Structure formats: C-alpha cells, structure tokens
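> Sequence first, predicted model second:
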Amino acid sequence: MNDTPLLSARNLTIGYKTGKREPRIVSEALNLDLWPGQLVCLLGPNGAGKSTLMRTLSGLQPALSGEIIIDNESLVNLKPVDLAQKLSLVLTERIEAGNLTVRELVALGRTPYTGWLGTLSEIDKKKIDWSMDATDTKRYGERRMNELSDGERQKVMLARALAQDTKLILLDEPTAHLDLPNRVEMMRLLHNLARQTNKAILLSTHELDLALQAADKLWLMHPDGKLVSGVPEDLVLNGSFEAAFIKNGFHFDRNTGTFTIHKEASSTPIYLRGKSNLVFWTKRALQREDFVVSDDPDLLHKIEVMEGEENPVWIFSDGLITKKYLNISELLADLQHIKKIK
Ligand SMILES: Nc1ncnc2c1ncn2[C@@H]1O[C@H](COP(=O)(O)OP(=O)(O)OP(=O)(O)O)[C@@H](O)[C@H]1O
C-alpha cells in the first residue's frame, strides 16, 4: 500500500537569510507530498524558485520555517549517511571528477553503503551494472569524466543516483544538456523507473511539453512564489498552467498544449479545414504570418487542405477566385495581398 508519502513538506517557507536584513522569502505556506511510484515535474519561469525548493527539500540549504519529513523522519534529524540512503540528488552544476572513469563515478553512488574506502560487494557491482545499463552509459564506462560531452556527463550523474538506490530521487534540470531524442528518452526512463521500482521522482525542468506528457503530477511555481499542484491535464484545463507562464506576446494553446507567439487580434481571419495533421502544420504557418485561423465556415477567405496523389494540396478561395497550391511556401506568398493593413 502506498499510504505514506516518501517526502512531505508542511507549512514550509523557503528562501535566503541575508545577514542582518529581513530574509528573502521565495515561497511560503508550502504543503507538498511526494508519493511512491510517482513522477512529479516541478515547473516555473526563471527565478520562480525551483532550485531553491529542490535544494531545501534535499537538505542542501535550510528551510526558513516549517518541516520536511522524509520517509517518516524529520529532515533536520537525519544524519547525512542516513539521508544518503533515502534520497539521491542530481544537480546540473558540473562536479570536478576529471580523473575518475565513468564506472568509478557511478560506483561513488554506493558510498552510503560501503564507506569511502569500502570494497564493492557483488550486490554493489550489480547495482552499478544495472544503473549503467538503464542509462546507456556502459558504452563509455571506461572513459574519463573530462572526456565526455555535457549530455553524456548528465546521464552518468543519473546513473550514479540510480546506483545510490534510494526511494527518493530529486533532479534539477536533468535534461538541460540533452538533445531531443535523449530528452524524450530520459523522461521515459524516469517515468518507467517510478512505475517499475516504486520510487518517488521529483525533477525540475523547462521542458513544458515533455513534462505535460510524462509527469503524474506537476508542481507549478508562479513568479510570485505561489505553488499549484495537480495532474497536468487538470492544470491545463483550469488555466493554472498558462497563468504560471503568462508573459506578454505569448499565448498558450489549450488544444495543442503548446505556447505560441501571440498575434495581433486585428489580423485577417481565414477558415481552415482538412485532414488533421495537414491542418496542424498549415495553421502553424498561417499563424506565424499573422493570420487568425478560424473554424467559422462563413468567412470570406477559406483554405482546404487534403492529401493529393503524391503531395498534399491546398485550395484557397475568397469568393472570387479559387486557386490550388502544392506547398505552403507558395500559398503564403500569394496570401500576402489579403493581409490587413495596420
Ligand atoms: N544565494 C541567494 N541569495 C539570495 N537570493 C537568491 C539566491 N539564489 C537565488 N536567489 C533568488 O531566489 C529566487 C529563486 O531563485 P531560483 O534559482 O530558485 O529560481 P529557479 O526557478 O530555479 O530559476 P531558473 O529557472 O532560472 O533556474 C530568485 O529571485 C533568485 O534571485
């Protein structure tokens, strides 16, 4: 039964004490729970307080007030070695590990069980092997850390956290240096890991679309420090998601779950219909050109897009003329003349 959270925050205030001045409060009245088997993504704009929260929850910096409970014990009462058996932390900052090989660095994840000079047992070696397989880092296991790319290094740091074999894993921007396929792969790995091993995983990220797809829950930090938690789809549908990232010139499209560059409301409206994937990409191009794409069939300007014999075909009509196009480039070029003059 998953009836106790692995990590809880009660009435937590996070921030910074700056000498004799009033402390700088980043966020307060936080009540949070991380449950076994859950992948939670912490999202928020720059400066909202994601790193501050991650650092506070993992004991790297003190809370200003309130309590953090990890696996039924108060964080302040946990000795470092006990904490290291319960929680592993992956930060984005580069660590100085130039001379260590990848395998040696991953093996450091076993330190809470072996001690600094401890010999690795068969169980330790198995955990190291498993972690390197899971993160696909074995291929360069004998290379030195200073011979790796940023993305490769990031995966090794995850392997070390996996080798630590804790019920809780906290990761600060684990996808920051990864290319798109590796970002997707990393999210899938963390999602599966939470499901299959019942670990609780909290990661902070700027990957809004990946987080929307992979997270069981989002913790959304607003610029004013307010934190809203919920299932991703609920937060999109109730407007919390776009509220957290509200910025002039950007518009969140609830239909596609993506942010678009906001266009002037006075732009020319065009009725667009056709096959959904073709409509999707045509709409993107039209919106980039300031057109308002509408589902009102009574509009003067209409575009229909359909599969042709070899390529898609776009049919434009404005009541007077009807013209056929074989690519979006030519369609856009011809549409310039119907743009409203502002
Ligand atoms: N050492 C510090 N002393 C005082 N204030 C700090 C300190 N570090 C960060 N802050 C402030 O705390 C706030 C939250 O910063 P934090 O780094 O947690 O944001 P973040 O959400 O992780 O941002 P980003 O997405 O840019 O990484 C910011 O206003 C920042 O200026």
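Happy to help now that I have it.

> any idea how far Arg143 is from Pro174?
20 Å (CB to CB, to the nearest Å). Glycine gets a C-beta too; all of them are placed from N, C-alpha and C.

> Count residues in the vicinity of the nearest residue to Leu326 once chain neighbours are set aside, would you?
Counting by CB to CB, 6 or more residues apart in numbering, Leu326 lies nearest to Asn311, which is 5.6 Å off, once chain neighbours are set aside. Asn311 has 9 neighbours, counted by other CB atoms under 10 Å.

> going forward can the numbers begin at 593, since that is how I track them
Let's use 593 as the start, then, which means that last one is Asn903.

> backbone phi and psi for Asn903, please?
The phi and psi values for Asn903, taken as degrees, to the nearest 10, are phi -120, psi 160.

> Which one's more surrounded, Arg735 and Pro766?
Of the pair Arg735 and Pro766, Pro766 is the one with more neighbours under other CB under 10 Å, namely 27 against 15.

> So the more buried one sits against Leu794, correct?
No: the pair Pro766 / Leu794 is not scored as a contact, 10.7 Å apart, by CB atoms under 8 Å.

> before we move on, what SS does Ala655 have?
Secondary structure, DSSP: H, G, I helix; E, B strand; the rest coil: Ala655 is coil.

> mind listing what it touches?
Shown in contact with Ala655 (CB atoms under 8 Å, 6 or more residues apart in numbering): 604-606, 648.

> Could you do Ser619 as well?
605-607, 641, 644-645, 813, 817-819.

> can we see that at 6 Å?
By CB atoms under 6 Å, 6 or more residues apart in numbering, Ser619 lies in contact with 606, 641, 817.

> any idea which of those residues is the one closest to Leu804?
Nearest to Leu804 among the contacts of Ser619, counting by CB to CB, is Gly641 at 20.5 Å.

> pretty sure Arg731 is in a helix, no?
Yes: counting by three-state DSSP, Arg731 falls inside a helix.

> Can you get me a residue count around it?
Residues near Arg731, counting by other CB under 10 Å: 10.

> Asn919 - nearest residue in space that isn't next to it in sequence?
Asn903 (7.3 Å).

> er, Ala753 I mean
Per CB to CB, 6+ apart, closest to Ala753 is Ser680, 4.0 Å.

> Was I right to think the one you found contacts Lys759?
No: Ser680 is beyond contact range of Lys759, at 9.5 Å (criterion: CB atoms under 6 Å).

> which one of those two has more residues nearby?
Ser680 (25 against 19).

> next SSE after whichever strand or helix holds the more buried one?
Assigned by DSSP states H and E, Ser680 belongs to strand 679-682. Once the chain leaves strand 679-682, the next helix or strand it forms, by DSSP H and E, is helix 694-699.
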